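got a predicted structure here, sequence first:
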Amino acid sequence: MLAAILSLGFIGMIAAFALGLAAKKFAVEVDPRELAALESLPGVNCGACGFPGCAGYAKALVSGTVDLNLCPPGGADVVVKLARILGVEASAAAREIAVVVCQGDNRRAQVRYHYLGLEDCTAAQRIAGGPKTCPGGCLGLGSCQRSCPFDAIEMTADGLAVISREKCTGCRKCVAVCPRNVIRMTPYDATVHVLCNSHDKGAVVRKYCQVGCIGCHICQKTVPGAYKVDNFLATVVYEHSADADEAIAKCPTKCIRDFTTGYPDGSSLTPAVPEKPHAA
Amino acid sequence: MSKVGQQLYLSSSPHIHSGETTVKVMRAVLYSLVPACAVAVYFFGLSALLVLLLATVGCLATEAVCQRLMGQPVTIADGSAAITGVLLALNLPPTSPWWLTLLGAVIAIVIGKQVYGGLGSNPFNPALVARVVLLISFPVQMTTWSAPAPLGSGLDLVTTATPLGAWKNAVMLTGQAPVELQGGLTQYFLGNMPGCIGEVSALALLLGAAYLLYRRILTWHIPAAFVGSVVLLSGLFWLVNPAKYPSPVFHLLTGGLVLGAFYMATDMVTTPVSTRGMLVFGAGCGLLTVLIRLFGGYPEGVSFAILLMNAATPLIDRYLRPRTFGVQAGKG
Amino acid sequence: MCAAHDRLTEMKLKTFAGGIHPPDNKQWSAHKAIEDCPLPAELIVPLAQHIGAPAVPCVAVGQQVFKGQEIGSAKGFVSVPVHAPTSGEVVAVENRPHPWGTSLPAIVIRADGEDCWSPELEPADPGELSPEEIVEKVRQAGVVGMGGAAFPAHVKMSPPPEKQIHTLIFNGVECEPYLTADHRMMLEEPERILQGVALLQFVLGVERVVIGIEANKPDAIALLTEMCAGTPVEVIPLEVKYPQGAEKQLIAAVAGREVPSGGLPMDIGVAVHNVSTAAAISDAILDGRPLIERICTVTGPAIREPKNLRIRIGTLLSHLVDACGGLAEEPGKIVLGGPMMGFTQLGFDVPATRGTSGLLLLRHEDVPLHPEGPCIRCARCVQACPMNLLPTTIGAYARRDLISEAAEYRALDCIECGSCGYVCPAAIPLVQAIRYGKAAILAKKRKA
């Protein structure tokens, strides 16, 4: 018993000594600013900055060659912290979040064939351009959901991606992965969006979708300046969208939605406490 | 020209399928185990039947509960849990108490399978994980063997030693193999010897394995390499000192070797996918089995050997990939 | 024929390692003689029908064209022109639905019913032509590989000088289930094939010429063997196994050599052409006629009367269906090509192209629908893979976007033959996953 304690203790002491020596001898000099920068970054390694993980971005920051506002998940707070650490002036970019500009789930938009195969939008898109008749509509196979590092995307039971305003950090991973370009970056303060991505003529859209934009210009006439219609598709002009919500009731296909009053039908997400856009 | 439209299926090629499904594969494995189960029930009577039923029902129930708790679809109909149950039972003594059997079933499914993500994700053979946990935790219950008492013979189950156990005891006590072991090789082959439920009849197991080979669910590689390396290595020892070491035929027919080589070591999920990998896997199993049997503390080493090789499977898969068509050997 | 069949079954036939044995289902159409498909009123000729740069239109709307007249010119070396399949008026040059799944530029011709050949096309005497002139004529005739890949034939006929071709293999394997177009051509028009064989042999200056035919076509083997007696052309029967007709597997079976990974057959001195390509080359030289028609098997359980049709390029699939007595049943899947490597279609409003070897109509109950399950590592895909890959591993990596791992397991060597997907008991869409991985690997390479 005693021998065991002594011998193990002895081995332990030798090992501790060797470790301590090694730590001293092979110590790697790290810029303290790099450690501080890494600490202030969110640490989710989403890659939105374009560097391999937060550590990569921290390293690049200290080298002084990159902007401070490349971390959308960190938002304004992180920019302020980084500016203090690195001793430079910087302003945060306005917060942007991703929005799926489509409401055409499998119930409301036509599906032109039964797709068999990988549960992946890019793979499905390669089979005759995807099962959804609308060339711009959400395919609903959830590639964006799987790509989201923040668990901000919900797939509804009828196959529509919906992005939570609160959870989205604007890292753009979903934008990059979507084969139909149906996810757009929008200012966080703008809560009214036209949820359609089809440039087809109204008569064509009506054939395959109950909630698609038909390019009727009513929104543009109702709130001049807040909407523009380009090639049969209306979009919100986010710089002048203060009164955009007035057109919602007028839209004949109900494809304009204010996200503070509710997410698209079928979503289980609930809007946070309605907030009025504060001065931009 | 009739109109076609939204009723069409579109997919990537191929557009036809062999018709083989996981469920069919699992079902075939279950069928192949029927002879072995029948022989076990014949020799050990209702207690073996009880263990078989308890283990199977236990595995199915545990899997259902696990999947329900994790909010996953319940897939007990795919047959994989049932196979785990039957194989577990075949790896238990016929006199196992009910709680031991049920505990084994829970261990097999929870620790052996579901914690890794369910079917296809487990690195170790679930039935063997359970067997080994039980063997280490409850050595008395797990090594209480009884002599077979064929149905209708009027005999009661009597506690005795397995041939391997008898041999190991003798060697430990005297340094010599026992002069005479109970029964003979023919009896072993037919299954008339003490042992686990599924260890007894090499004949019944081989019958089932032949069916699996015919259905192409089993390939010859692992069993051949396993049996071959056991024969080779044990034969070597036997030739050197036949007074101490048993013959290769004794090795083959006693203990769990046939069950192990044809059923436990051929579990698809936990074994390599390439043919070279399968050969190495089988040879490794055989080598370890003989070493444990001859020099280890336990009389039987098949389970440990297979589990150790299961652990080596990812490594084998990584380094023994088939040579890609058009790539010269040695160049990636 | 019976004797020939007996001999085949006794012989140890050449083949490759791996592969599968799907039911060949050729009985629907194997005995049907080639029929001329009636000329449709309108033909839609896509400008992209081959691997390589699409052709550029060289006719205008309203223009009258002759049968065989060039209507789209080649752009670059790996490209071929397209020709009017009949005489008539160009009524549109616009995007039309294409078998590749999208709308692509096409020239629409309204047939005038005269079917009048262009007077500029003239037969040539091959004895007076140099190899280079023959290659040029083949290019002008728009000949592409007609086994399905549609790679321009003239490119394969002009290997760089350092790559001496010593073995010329003709592919009469037709290993895809259901398809019988090549089989019928070998039986009914062997002269055309053998003339093309002789031309290619002359152009490439090769010693060894082989026609490889799967042993399930004993009549074609017997006929061609008889016709080739006394010539240097050797007819080799091959084991019935899919994908025996894949280029690399055919070379392995016939020449016993492996095309190096990432390389071409010419790297080991071999050239492979389909038998129907040989026939098209013969037409291009001896008759001076461009590639405007081909033989196509219209088959499957959902068609009323399966047939082998001689069709004009640009004929709509709906016309082919009508020519075969219409639909017997509502189709569940429309496949262009064979069931192992063909492409599903959205409808019958796409035209047949030069690569359309078959139109397969499956019923709803023929479509494999069992849901995908987890991989149980049964290794059937590994045993089936003719390229000795680990399909399940590559597929799993590709699906998780682990692209460099997929590349390390040699995803790019996959020939997408579908053997793995056919045998997978878990119904994993392995080919689709590997394709996805291959596309990602190539995209990454382009970026780097």
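Received, thanks.

beta partners for C:I44?
C:V108 (DSSP bridges).

burial count for it?
24 (other CB atoms under 10 Å in any protein chain shown). Just so you know, the C-beta spots here come from the backbone N, C-alpha and C atoms, and that holds for glycine as well.

now do A:V101
25.

and what of B:R27?
Neighbours of B:R27 (other CB under 10 Å): 15.

how about it, what does it touch?
Residues near B:R27 by CB atoms under 8 Å, 6 or more residues apart in numbering or on different chains: B:G79.

quick check: C:N308 is in a strand.
Yes - C:N308 forms part of a strand when assessed by DSSP: H, G, I helix; E, B strand; the rest coil.

please identify the buried residues of the helix or strand encompassing B:G277?
Counting by DSSP states H and E, the element that carries B:G277 is helix B:275-295. Using 16 or more other CB atoms under 10 Å in any protein chain shown as the test for burial, helix B:275-295 gives B:275, B:277-290, B:292-294.

go on, stretch C:318-335?
Within stretch C:318-335, the residues that count as buried by 16+ other CB under 10 Å are C:318-324, C:327-329, C:331-335.

on that earlier part again, heading C-terminal from the helix holding B:G277, find the next helix or strand.
Using DSSP H and E, the helix or strand that follows helix B:275-295 in sequence is helix B:302-319.

who's in contact with that next one?
Contacts for helix B:302-319 (CB under 8 Å, 6+ apart): B:91, B:123-125, B:128-129, B:131-132, B:135, B:255-257, B:259-261, B:264-265, B:270-274, B:277, B:280-281, B:284-289, B:292, B:296, B:298, C:390, C:393.

ok, C:C116 - contacts?
C:C116 neighbours (CB under 8 Å, 6+ apart): C:F66, C:K67, C:S87.

which helices and strands sit right next to the strand or helix carrying B:A48?
B:A48 belongs to helix B:46-69 when assigned by DSSP H and E. Under the contact definition 3 or more CB pairs under 8 Å, 6 or more residues apart in numbering or on different chains; DSSP states H and E, helix B:46-69 sits against helix B:34-44, helix B:80-90, helix B:98-106.

now the angle from the shortest one to helix B:46-69?
In this case it means helix B:98-106. 40 degrees (axes from the mean of the first three to the mean of the last three CA atoms, to 10 degrees).

over to the second one?
Angle of helix B:80-90 versus helix B:46-69, following the same axes, to 10 degrees, is 150 degrees.

C:G172 versus C:E189, what's the distance?
For C:E189, the distance to C:G172 equals 12 Å [CB to CB, to the nearest Å].

hang on, I meant C:T392
Counting by CB to CB, the gap from C:T392 to C:G172 is 33 Å.

picking that back up, buried members of the contacts of helix B:302-319 into PyMOL, please.
Here is the PyMOL selection string for the buried members of the contacts of helix B:302-319, based on 16+ other CB under 10 Å:
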select buried, (chain B and resi 91+124+125+128+129+131+132+135+255+256+257+259+260+261+264+265+270+271+272+273+274+277+280+281+284+285+286+287+288+289+292+296+298) or (chain C and resi 390+393)
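
so which of the helices and strands packed on helix B:46-69 gets nearest C:V350?
Closest approach to C:V350 among those is made by helix B:80-90 (43.3 Å; CB to CB).

I appreciate the help and will end here.
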